[in-house]
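# no letters, just coordinates:
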């Protein structure tokens, strides 16, 4: 499988990466960030009308993590667990 990381601090992202992979079969996206980042990426996916809609995973690494709390995931994400979490998601 193809894996790509995009830096959301760049002005052309996430659109550039989504456009590049929009036709990838079984496209899946992992959004690392908070409520605003997740909403932003989901809105971009929606605006692009990617079909079929990609699966989207969330790594709650935002400041407030309101979304993670409301989903019952807790209010923090331990950075020491990032690589373990990402390996679990990929497998």
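That came through, no problem. Because the structure is a prediction, the values reported are computed rather than measured.
# all helices in the protein, in order from the N-terminus.
Using DSSP state H, the helices found in the chain span residues 15-21, 35-48, 66-70, 82-90.
# please tell me how far the residue nearest to residue 54 when sequence neighbours are not counted sits from residue 51.
Excluding the flanking residues, the one nearest residue 54 by C-beta to C-beta, 6 or more residues apart in numbering is residue 27, at 3.9 Å. In short, each C-beta sits where N, CA and C put it, glycine included. In this view, residue 27 and residue 51 are 10 Å apart by C-beta to C-beta, to the nearest Å.
# next one, pLDDT for the nearest residue to residue 3 once chain neighbours are set aside please.
The shortest distance from residue 3 to any non-neighbouring residue, by C-beta to C-beta, 6+ apart, is to residue 90 (7.5 Å). Looking at residue 90, its pLDDT reads 70.
# cool, and residue 40?
At residue 40, the model reports a pLDDT of 94.
# neighbours around it, how many?
Using other C-beta atoms under 10 Å, residue 40 has 14 other residues around it.
# do you know how far it is from residue 11?
From residue 40 to residue 11 the distance is 13 Å (C-beta to C-beta).
# go on, residue 85?
Remark: distance between residue 85 and residue 11 (C-beta to C-beta) = 28 Å.
# check residue 48 too.
Noted for residue 48: a distance of 17 Å to residue 11, by C-beta to C-beta.
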